[in-house]
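Visitor: Coordinates for the following, if possible.
(one chain, ligands or ions: 2)
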Amino acid sequence: MEQATTAKKAIPKDYKSDYKPIWCPGCGDFAVLNAITKALAFLALPREEVALITGIGCSSRIAGFTSLYGFHGVHGRSLAVAAGLKAARPELTVLVAGGDGDGLSIGGNHFIHACRRNMNLTYIMMDNEVYGMTKGQASPTTAADWEQSKLTPHGTGIRPFKPAGLALTAGASFIARGFSGDPNGLARMLVEAISHPGFSFVQVLSPCPTFCPEQMQWKKQVRIFEETDTDDPILAAQRIQADDGMSTGIIFRQEYAVFQAQSTAGADLEPIEQEFAI
Ligand SMILES: Cc1ncc(C[n+]2csc(CCOP(=O)(O)OP(=O)(O)O)c2C)c(N)n1
Ligand code: SF4
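Guide: Ligands and ions are numbered 1, 2, ... in the order given. Predicted structure coming up:
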């Protein structure tokens with residue numbers, strides 16, 4: 001007689017911690033957490049084989065709300081920590097998450113080099129076009145005429161970054177834009193991103209109703225890209241430039257050589273220590 005299978009199916013709750021998120025009511029980051037846990041359950045990844053590395057910001061708190069190995073690190077340095085982890089433990093699935101301020105302002109240099117290096121990492125940027133945690137200052141994705149910050153009452157007057165365009169120019173091999181208002185679509189997108197060999201960048205439009213209440217209108221403005229993803233960077237650049245930043249979908253996907261640094265874990269460090277001895 002055939003033995004009935006007793007293997008437990010992974011469910012999203014398995015990937016959540018007992019800590020309840022402390023985000024403001026209506027914050028888009030709740031749905032991003034749900035989408036990440038759904039994607040991991042779909043892929044049935046063992047928790048102990050996944051790490052979630054974050055920087056600092058409201059969005060970067062996300063690691064603590066999961067049951068994954070995590071590092072709630074230093075502002076703007078999540079990608080550097082994640083690259084080190086992936087170099088030392090290539091068998092782990094390494095997810096990286098944070099805000100637009102964390103990833104494009106103080107962490108901007110790490111971002112462009114992570115795109116260029118193409119390590120097998122999945123980077124989720126929760127973009128609310130503002131510094132939420134420090135009470136509503138303009139970020140690199142804030143519209144030039146946004147006048148609601150006390151620090152920039154007449155707007156910044158500076159053109160915002162287009163994160164997808166920046167990632168494309170810097171060499172990311174998977175680029176997508178999702179929306180927290182569509183957690184199922186975002187979960188499917190994250191499954192693709194995590195499965196992609198190389199650096200996957202997923203910009204998630206994730207409203208901050210506290211400092212940008214107007215973002216509650218995003219659900220009326222967001223639409224799905226008419227075209228499916230392309231492996232042609234010129235076509236992808238044209239789509240990004242022609243778009244107002246509110247279209248969602250996988251924009252660009254191409255397989256480039258994946259960088260895996262030679263780990264020195266377990267190496268004999270004594271000769272190096274002697275070389276630098278004072
Ligand atoms: C080195 C350093 N500089 C500045 C700060 C202050 N700080 C904390 S979070 C943050 C910005 C957060 O904005 P974002 O990354 O967009 O995340 P959000 O809070 O909007 O999710 C800043 C400037 C810090 N913690 N460390
Ligand atoms: S301040 Fe904004 S980003 Fe931070 S938890 Fe509240 S709604 Fe979310």
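
Visitor: mind listing what's buried in stretch 77-88?
Guide: The neighbour-count check on stretch 77-88 (16 or more other Cβ atoms under 10 Å) flags 77, 78, 79, 80, 81, 82, 83, 85, 86, 87 as buried. Bear in mind the C-beta positions are built from the backbone N, C-alpha and C, glycine included.

Visitor: same question, stretch 242-253
Guide: By 16+ other Cβ under 10 Å, the buried positions in stretch 242-253 come out as 243, 245, 247, 248, 249, 250, 251, 252, 253.

Visitor: Tell me the residues of the stretch 51-200 of the chain that contact ligand 2?
Guide: Taking Cβ under 6 Å from any ligand atom, the part of the stretch 51-200 of the chain that reaches ligand 2 is made up of 58, 128, 132, 133.

Visitor: any chance of those in a markdown table, with neighbour count and secondary structure too?
Guide: Converted to a markdown table, these look like this (neighbours: other Cβ atoms under 10 Å; DSSP: H, G, I helix; E, B strand; the rest coil):
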| residue | neighbour count | secondary structure |
| --- | --- | --- |
| 58 | 27 | coil |
| 128 | 30 | coil |
| 132 | 27 | coil |
| 133 | 18 | coil |
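
Visitor: Do you know the pLDDT at residue 268?
Guide: Reading off the per-residue confidence, residue 268 sits at a pLDDT of 83.

Visitor: Going along the chain, name the helices of the stretch 1-150 of the chain.
Guide: For the stretch 1-150 of the chain, the helices defined by DSSP state H, counting those that start in this stretch cover 29-43, 78-88, 100-101, 108-117.

Visitor: who's in contact with the first one?
Guide: With contacts defined as Cβ atoms under 8 Å, 6 or more residues apart in numbering, helix 29-43 is touched by 10-16, 21, 23, 50, 52, 58-59, 61-62, 65-66, 68, 95, 97, 124, 126, 178, 180-181, 183-184, 186-188, 190-191, 194-195, 204, 206.

Visitor: In the residues of the stretch 51-200 of the chain next to ligand 2, find the pair that's most separated.
Guide: 128 and 133 (10.6 Å; Cβ to Cβ).

Visitor: and for these two, which residues touch both?
Guide: Residues within reach of residue 128 and of residue 133 at once, by Cβ under 8 Å, 6+ apart, are residue 99.

Visitor: Throw the helices of the stretch 1-150 of the chain into JSON lines and include mean pLDDT, thanks.
Guide: As requested, these are arranged in JSON lines below (pLDDT from 0 to 100):
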{"stretch": "helix 29-43", "mean pLDDT": "98"}
{"stretch": "helix 78-88", "mean pLDDT": "96"}
{"stretch": "helix 100-101", "mean pLDDT": "98"}
{"stretch": "helix 108-117", "mean pLDDT": "98"}
